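Peer 1: Need the 3D shape of this:
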Amino acid sequence: MTQIHPTALVDPSADLDESVSVGPYTIIGPHVKIGAGTMIGAHCVIEGRTTIGTDNRIFQFNSIGAVPQDKKYAGEPTELIIGNHNTIREFCTFNLGVPGAGGRTTVGDHNWIMAYTHIAHDCHVANHTTLANNTTLAGHVLLADWVTVGGLTGIHQFVSVGAHAMIGFASAVSQDVPPYMLVDGNPLSVRGLNTVGLKRRGFSAARIAAIKQMHRLLYRQGLTLEAARAGIDALAAETPEAAEDVALMGRFLSAATRGIAR
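Peer 2: Sure, this is the predicted structure:
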């Protein structure tokens, strides 16, 4: 049976798997769905049209699915969708989406989200990310797989951060961060590659060498962005093993809307 503490208030219309546990004084609203094996701590509020997957650990004092902090929002039926195997520590705030921007905020799988993180409306956090304490995502932020964000960092609305990028402590991120890069500061600067992260994830020496060359083309040779992109595209033929890494960088640069961190 579902393990619901007697002091918790769970709306009869909420859809909780029988293996879900709910801690003391937690409130769960009528449109909430929670999958198997998920554990909800004490003093949480989970509301709105929020869907939470399986085997998540949500610690105490979280606000999940509250209305967006957007003055244009007028109670429309928007969503928050959280995947599987996520850890969400204390005092985090995840908001619903807003109409006109997809109306959906999403968090993927296997994310490690530390205390006081804010994920605003229409953000999309992919998989295997690490968000340290007091990470703040404004609306419409996109974080790709394996992104790491240092504590006390703010990310401007509509910014995209590419896969395997790492953002250092107390950074102000107002432009798109290309995949694989290591950035920090206020103003933000590119310091190099996230080499440690790539090695931990099993990237071969050949792939890392190709990524280093992409970094040189973007940041070390004084090229225009278009010239750097042409050089990056040519790397796929030179290092076939890194073809997908080159393609990933090409797709990111083509889609960048705020300019890239340089």
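
Peer 1: which residues in the stretch 101-250 of the chain form strands?
Peer 2: Using DSSP state E, counting those that start in this stretch, the strands assigned to the stretch 101-250 of the chain run over residues 104-107, 112-113, 118-119, 124-125, 130-131, 136-137, 142-143, 148-149, 154-155, 160-161, 166-167, 172-173, 181-184, 189-193.

Peer 1: And the first one, how far out from the chain middle?
Peer 2: Which is strand 104-107. Remark: strand 104-107 is offset 9 Å from the chain centroid, using CA atoms, centre = their mean, to the nearest Å.

Peer 1: Then the longest one?
Peer 2: In terms of CA atoms, centre = their mean, the centre of strand 189-193 is set 20 Å apart from its chain centre.

Peer 1: The fourth one now?
Peer 2: For strand 124-125, the distance between its averaged C-alpha position and the chain's averaged C-alpha position is 4 Å (CA atoms, centre = their mean).

Peer 1: Paired strands for it, with orientation please.
Peer 2: Looking at strand 124-125 with DSSP bridges, its partner strands are strand 104-107 (parallel), strand 142-143 (parallel).

Peer 1: For the longest one, give me every contacting residue.
Peer 2: Identification of contacts with strand 104-107 by CB atoms under 8 Å, 6 or more residues apart in numbering yields 78-83, 86, 94-97, 113, 119-125. Heads up, the C-betas are built off the backbone N, CA and C, glycines and all.

Peer 1: before we move on, back to that, so which of the strands paired with strand 124-125 has the densest surroundings on average?
Peer 2: Mean neighbour count, computed with mean count of other CB atoms under 10 Å, is highest for strand 142-143 among those, reaching a mean of 25.
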